[in-house]
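# Show me how the following folds:
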Amino acid sequence: MNLAVLLRNATEEQRRHLFVYALLSGAANAGILAVVNKGTAAAAATEASTRYFFLFLIVLALYVVTQRFIFDRATTIFESLVEGLRHRLSARIRDTDLLVFERHTRSELYTRLTRETQVIADQQMMLVGGIQATMFVLFAMVYIAFLSKVALVLTIVCAGVGVWLHFGREAQHAAAIQEATQEEIAFLGAVGDQLDGFTELKMDHRRAQAVGEYVDGHATTLRWARERMVTIFNHRIIFAQTFFFSMVGAVVFILPKLVHAYADVVQQLATSVLFVVGPLGMVVNSFPAWARASTAAANILRLEEELRAESAPSAKEPLALTRTPARVELRDVSFAYPASSDEAFSVGPLSLTLDAGEVVFLVGGNGSGKSTLVRLLIGLYGPRSGVLMADGRVIDERTVQNYREQFAAILPGFHLFKRLFGLEHADAERIAALLAETKLTDKTAFVDGEFTTLDLSTGQRKRLALVVALLSDKPFYVFDEWAADQDPEYREYFYRHVIADLKAAGRGVLVVTHDDRYFNIADRVLRMEYGQLRTMTPSPTISAGSLPAGAPSSNA
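Prediction:
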């Protein structure tokens, strides 16, 4: 897969127009050469050259018009292709399963979606210039053949050797481009670590020094990779240009010795060959541009195919649930992370129900499987065995998206959007009331469709995420350790008011928590231990760390 695959997306009419105008542009360029040679000969013979001057203006005007059209049309085609690529890749990422998404680094996805699409767009001038230059070289060769067939042979031989030397290292250059691309991804990942962990690094000089050396190491490796890529390219160009200029020497110094009859056209031939050298160089330079764009296109298409292949297939259109469910259920569900995953962990079989108007607390130690269970319940992970159900109906690939949309969830590592995407019509008064309830009025505001700032503390960010979740008004709510970063005042507000209001409104609520003093609020308390789910009895006096493990339940 390469750039040719993408260019097929352009319409046949667009490609035809591009070719026709490139042909006319090349012909106009060759016409300029012929008119200049004729005008030079006329001037040397002291003949009037007014006719050639007007011919020169005509072919020059034709050249300008065709050049403008071909580059303008090429810009439209390439930018449309890149826009389509970005749309498709962005949609593919949106539709990808969470487990698949987690196997790809952010720097890889970011590079493919931004930098490499831009690489394709940036090569358009060189590629289109190469097409136009190719047309000119063909017309110029016809003109040189008209002047001297021997000169044509010499020109083709010298140009052919130069092109052969240039392409002799094509595979090596393509490999260098790919290596530099991978090193850039690694460098972006290292820089991302440095930026995301800025606060932690300020607290530990040795760690900051180590991360700095790690970033510097990737910067150096990237420099070496790019130096190698550019050096190979430069050497290819130098050798090719050397043989291109040798065409001039062959025509000026060798041709008159071989064919004395052509001595009177040597000046015209030398001018013609000099005219050809520049476009030949552009033709040769367009191939590395094609290689860079093709490498970027292949990387993008490969990622797109990987995301498509790794995600669960869905040949049919998604379906909506027939009604808002009153019960969601995991039945005998088992799940294991892929063998290649850093999390060599499995859970299940698990059975769990969550009813509308019910509050369930989930406790357990780190690594016990709580977050995995949550992702299974809300449909972010697909079970290896067992089924996910809503009101007794099995959820499959056609209904899972609509099933997920029955939940509002605040999970670890959540992201806050500055705008209320999908909630654009939320009531402004309710937003203001929720900001006041969560004591965020003096920290941020909702103005012109977006929050004025997201520069908040961790606890404040969680409270703002809670505001957005409540605005979504979903049948079921999931909070994974929401209260862990809150002051006692906000914990009390969350447990005594938010959860109570959701329960009164008939919403099902699952809370991952260690706040044992609030266990009496829950209808049920469940515990995860080594990937297994157990039922417990709510009690405000029992410590979360000393809660006894109950017998396994098949309908926890």
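# quick one, strands of the chain?
Counting by DSSP state E, one finds strands in the chain at the ranges 327-336, 346-355, 359-364, 385-390, 393-394, 407-410, 446-447, 450-451, 476-480, 508-512, 524-529, 532-536.
# tell me which residues of the first one are tucked away?
For strand 327-336, the neighbour count (16 or more other Cβ atoms under 10 Å) marks 328, 329, 330, 331, 333, 335, 336 as buried. For the C-beta atoms, the positions are set from N, CA and C on the backbone; glycine is no exception.
# how close does the second one sit to residue 351?
To tie it back to what came earlier, the one meant is residue 329. 8 Å (Cβ to Cβ, to the nearest Å).
# Equivalent analysis for the fourth one, please.
Distance check for residue 331 against residue 351: by Cβ to Cβ, it reads 6 Å.
# For the stretch 451-556 of the chain, which segments count as helices?
With helices called from DSSP state H, counting those that start in this stretch, the stretch 451-556 of the chain shows them at 458-472, 488-492, 499-504.
# Return the list of helices and strands in contact with the first one.
For helix 458-472, the contact count by 3 or more Cβ pairs under 8 Å, 6 or more residues apart in numbering; DSSP states H and E identifies strand 407-410, helix 428-437 as packing neighbours.
# Tell me the gap between the longest one and the middle of its chain.
When C-alpha coordinates are averaged (Cα atoms, centre = their mean, to the nearest Å), helix 428-437 and its chain have centres 36 Å apart.
# Dump it to PDB, restricted to CA.
The C-alpha coordinates for helix 428-437 follow below in PDB (Å, rounded to 0.1, in the frame of the first residue of the first chain):
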ATOM      1  CA  ALA A 428     -27.500  26.900  31.100                       C
ATOM      2  CA  GLU A 429     -29.200  27.300  34.400                       C
ATOM      3  CA  ARG A 430     -28.700  23.700  35.300                       C
ATOM      4  CA  ILE A 431     -25.000  23.900  34.400                       C
ATOM      5  CA  ALA A 432     -24.700  27.000  36.600                       C
ATOM      6  CA  ALA A 433     -26.500  25.300  39.500                       C
ATOM      7  CA  LEU A 434     -24.300  22.200  39.300                       C
ATOM      8  CA  LEU A 435     -21.100  24.300  39.200                       C
ATOM      9  CA  ALA A 436     -22.400  26.100  42.300                       C
ATOM     10  CA  GLU A 437     -23.200  22.800  44.100                       C
END
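# Just want the angle from that helix to helix 458-472.
150 degrees (axes from the mean of the first three to the mean of the last three Cα atoms, to 10 degrees).
# how about helix 428-437: buried residues?
By 16+ other Cβ under 10 Å, the buried positions in helix 428-437 come out as 431, 434, 435, 437.
# any idea which of those residues is the one closest to residue 307?
residue 431 (35.1 Å; Cβ to Cβ).
# Run through who's touching stretch 28-43.
48-49, 52-53, 55-56, 59-60, 62-63, 66, 132, 135-136, 139-140, 142-143, 267-268, 271-272, 275, 279 (Cβ atoms under 8 Å, 6 or more residues apart in numbering).
# Just the ones in helices from those residues, please.
Counted as lying in helices by DSSP state H, out of the contacts of stretch 28-43, are 52-53, 55-56, 59-60, 62-63, 66, 132, 135-136, 139-140, 142-143, 267-268, 271-272, 275, 279.
# Pull out the buried residues from those.
Here, 16+ other Cβ under 10 Å leaves 52, 55-56, 59, 62-63, 66, 132, 135-136, 139-140, 143, 268, 271-272, 275, 279 buried among those.
# how many neighbours does residue 407 have?
The local packing of residue 407 (other Cβ atoms under 10 Å) involves 22 other residues.
# Equivalent analysis for residue 67, please.
Counted with other Cβ under 10 Å, residue 67 comes out at 19.
# surely it meets residue 132?
Yes - assessed by Cβ atoms under 8 Å, residue 67 is found in contact with residue 132 at 7.2 Å.
# which residues touch the residue nearest in space to the middle of the chain?
Geometric centre of the chain, nearest residue: residue 113, 2.0 Å, by Cα atoms, centre = their mean. Going by Cβ under 8 Å, 6+ apart, residue 113 touches 86, 89, 90, 93.
# ok now stretch 480-498, how far from the chain's centre?
The answer for stretch 480-498 is 37 Å, by Cα atoms, centre = their mean.
# Show me what it is in contact with.
Contacts of stretch 480-498 (Cβ under 8 Å, 6+ apart): 370-371, 374, 409-412, 437-439, 458-459, 462-463, 466, 470, 479, 511-515, 518, 521.
# quick one on the thing from earlier: what residues do residue 67 and residue 132 have in common as contacts?
Jointly contacting residue 67 and residue 132 under the rule Cβ under 8 Å, 6+ apart are residue 25.
# Against residue 133, how distant is residue 125?
Noted for residue 125: a distance of 12 Å to residue 133, by Cβ to Cβ.
# okay, now the domains of this protein?
The chain breaks down into these domains under automatic domain parsing: 3-310, 327-546.
# Can you lay out the ones you listed as TSV showing mean pLDDT?
Formatted as TSV, the domains of the chain follow (pLDDT from 0 to 100):
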stretch	mean pLDDT
domain 3-310	74
domain 327-546	84
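# For residue 190, list the residues it contacts.
Applying Cβ under 8 Å, 6+ apart, we find residue 190 in contact with 211, 214, 215, 218.
# What's the PyMOL syntax to select whichever of these are buried?
Here is the PyMOL command that selects only those of the contacts of residue 190 that count as buried (16+ other Cβ under 10 Å):
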select buried, resi 211+215+218
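# Please, a PyMOL command that selects the buried ones among the contacts of stretch 480-498?
For the buried members of the contacts of stretch 480-498, the matching PyMOL selection, counting by 16+ other Cβ under 10 Å, is:
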select buried, resi 370+371+374+409+410+411+437+438+462+463+466+470+479+511+512+513+515+518+521
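# ok, back up a step: could you tell me which of the contacts of residue 190 are located in helices?
211, 214, 215, 218.
# For the contacts of residue 190, give me JSON lines that also has distance to residue 249.
Converted to JSON lines, these look like this (distance: Cβ to Cβ, whole Å):
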{"residue": "211", "distance to residue 249": "57"}
{"residue": "214", "distance to residue 249": "53"}
{"residue": "215", "distance to residue 249": "50"}
{"residue": "218", "distance to residue 249": "46"}
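# got the contact list for residue 387?
Applying Cβ under 8 Å, 6+ apart, we find residue 387 in contact with 331, 332, 333, 394, 395.
# from memory the last one sits against residue 378, does it?
Same thing as residue 395. No - using Cβ under 8 Å, residue 395 is not in contact with residue 378; the gap is 11.0 Å.
# any shared contact partners between the two?
By Cβ under 8 Å, 6+ apart, no residue touches both residue 395 and residue 378.
# Would you mind reformatting the helices of the stretch 451-556 of the chain (as JSON lines) and adding columns for distance to residue 405 while you're at it?
Below are these laid out as JSON lines (distance: least, Cβ to Cβ, whole Å):
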{"stretch": "helix 458-472", "distance to residue 405": "9"}
{"stretch": "helix 488-492", "distance to residue 405": "28"}
{"stretch": "helix 499-504", "distance to residue 405": "17"}
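# Tell me which of these sits nearest to residue 102.
Residue 102 sits nearest to helix 458-472 of all those, at 20.3 Å, using Cβ to Cβ.
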